[in-house]
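A.B. asks: What shape does this take:
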Amino acid sequence: MYPRWKICAIICLAILVVLQVYNIRKSVVNKNGRRAKISGPSRDQSESNALYMLQDVHNNVMQNQGDEKDISGGKNPYDFLYGQTFEDALDRAANLPRKTILFWHTVTQKSLCFSTDLGRNCGYCKVRDELSLIEETATEAVIFVFGYTKPHMMPKRRNLNQYWIWRTAEPPPGMMINEFLPIADKIEFNMTMTHRDNSDIRMPYNEIRNFNPPDPREMLKVKKDLAMVAISNCDLLTGCKLRLAYIRMLMQAGMKITTVGGCFPGSSRIPKPSDYQPDPMMSLVSRHKFYFSFENSYHCKDYITEKFFRPVQAGTVPVVWGGNKEDYLRFIPESGFIFVEDYESVHDLYKHLLYLDKNDDAYLEYFRWTKSQPVNYREQTFLCQLCRFLHGIHVDEAYRVPLHLLDRNKTYISSKPPRKYAGNITEWYTQKENPECIRTDLELDSRGRVLGMKQTHKT
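C.D. replies: Presented below is the predicted three-dimensional model:
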């Protein structure tokens, strides 16, 4: 038998240990009725440190030439957005009548989108393009697609409870030649929906998520040809003329390029994907080592189209021209694509492509980044983001702010979406662009460089 005093001492010590653990791991209620941490770093402080750390990891990965480490670490720096408040908001949305998002179009008999229903993660909405729904109270957002809407065929009446949204997938030069742009400023749209990062609703052409390419060496076995390009818009915009001129300079230098599209006499037309069928271009692109992803504009903000994403998904190295380099770097690291403006001349680029063609190991380095992809930050765009907005869920807006500047005290859930006014569309979309994007006097010199623009070359 232990002496009574020893038993009492053991019991007291056990109680002290339990209390200490309780103080460390639990919280108590303060005078205001809120739960307050007793010890250890605050939740905000811990999450803030995690945000800085993971942002550094992300930045390093996008610049580290395809380091093979697992960069996700199983963590998401934006997880604080998706707590119980977010889940409660989705639950509330599930119990409300379905909100309708209407595509308004008047210049085509063909449907602009499939009728679809957005699920719980988006907040539950119906997406339709039946113009008669403009009168329905359930229709809370109306999307006017630039190029598919005639000014004289706008709705006769406006329901002020609806959000009217101006949408385009074209760069500013493509819109400035259209009659609808000057009239858009008079309509007083509530929101913008474009590829631009500063749009109210972001609508990128594509994103690289859950990307699982086959083994690069296996892909190399099916590559029978050197390079490919597909262009059907030859001279409508300045960028169209410049990209076609550069391709012709490469061909004159002796490069063998598979050409597709109406800009190349005798070439086949660009095949268009049919409903529910895979993109017919993918198999063709995958048989080539390089694909010239040349945009129809020059240095327009955030304008990166399917021309870039198609070769990435097909397992082909994209040779890019037209976009700003930093815009490409938002999707894959520099080691995953070839930026034309890095080369002093057409001849230098051609020489580098020939070198890669003859050196498999050097060529395969362009796929090394696929082993360590960036974290999927769970951001939603386009219709899903809009549906969330209609339910007062604004978490996707947090992704517009640099991670280290993010206001963690801001409320991203509200009872209803705020009223908005998009402002002057022409000024926002054209006058606040990069000057070279809307210039019409750009030309190439004899080496393929854009005259009047600063060049950055590899050494």
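A.B. asks: contacts, neighbours, all on C-alpha from now
C.D. replies: Noted.
A.B. asks: Show me what counts as buried in stretch 315-335.
C.D. replies: Using 16 or more other Cα atoms under 10 Å as the test for burial, stretch 315-335 gives 315-325, 328, 331-335.
A.B. asks: just how off-centre is it within its chain?
C.D. replies: Taking Cα atoms, centre = their mean, to the nearest Å, the mean C-alpha location of stretch 315-335 is offset from the chain mean by 13 Å.
A.B. asks: what do you get for stretch 152-168?
C.D. replies: 26 Å.
A.B. asks: residues contacting residue 286?
C.D. replies: Residue 286 is in contact with 219, 222, 223, 311, 314, 315, 316, counting by Cα atoms under 8 Å, 6 or more residues apart in numbering.
A.B. asks: separation between it and residue 102?
C.D. replies: Distance check for residue 286 against residue 102: by Cα to Cα, to the nearest Å, it reads 37 Å.
A.B. asks: ditto for residue 166
C.D. replies: Distance from residue 166 to residue 102, by Cα to Cα: 12 Å.
A.B. asks: Over to residue 370?
C.D. replies: The value you get for residue 370 to residue 102, if Cα to Cα is used, is 38 Å.
A.B. asks: Which parts of the chain are strands?
C.D. replies: In the chain, the strands defined using DSSP state E lie at 27-29, 35-37, 99-104, 116-118, 125-128, 139-145, 163-167, 191-194, 201-202, 225-230, 257-260, 288-294, 317-321, 338-339.
A.B. asks: Can you pull out the low-pLDDT segments for the stretch 1-150 of the chain?
C.D. replies: 1-75, 107-114 (pLDDT under 70).
A.B. asks: The same query, at a cut-off of 80, please.
C.D. replies: 1-78, 106-114, 147-150 (pLDDT under 80).
A.B. asks: swap in the stretch 151-300 of the chain?
C.D. replies: Applying pLDDT under 80 to the stretch 151-300 of the chain picks out residues 151-152, 175-185, 207-214, 271-280.
A.B. asks: isn't residue 207 right up against residue 328?
C.D. replies: No - the criterion here is Cα atoms under 8 Å, and residue 207 misses it with residue 328 at 11.2 Å.
A.B. asks: From the structure, what's the count of residues near residue 424?
C.D. replies: 15 (other Cα atoms under 10 Å).
A.B. asks: surely it meets residue 190?
C.D. replies: No - if you go by Cα under 8 Å, residue 424 and residue 190 don't touch, sitting 10.6 Å apart.
A.B. asks: Which residue, other than its chain neighbours, is closest to residue 305?
C.D. replies: residue 205 (5.3 Å; Cα to Cα, 6 or more residues apart in numbering).
A.B. asks: could you measure the closest residue to residue 106 other than its chain neighbours against residue 136, distance?
C.D. replies: Spatial nearest neighbour of residue 106, excluding adjacent residues (Cα to Cα, 6+ apart): residue 149 at 5.2 Å. Distance from residue 149 to residue 136, counting by Cα to Cα: 20 Å.
A.B. asks: same deal with residue 308?
C.D. replies: Distance, residue 308 to residue 136, by Cα to Cα: 40 Å.
A.B. asks: neighbour count winner among those two?
C.D. replies: Counted by other Cα under 10 Å, residue 308 and residue 136 do not tie: residue 308 has more neighbours, with 24 against 10.
A.B. asks: out of the strands of the chain, nearest to residue 270?
C.D. replies: Residue 270 sits nearest to strand 257-260 of all the strands of the chain, at 5.9 Å, using Cα to Cα.
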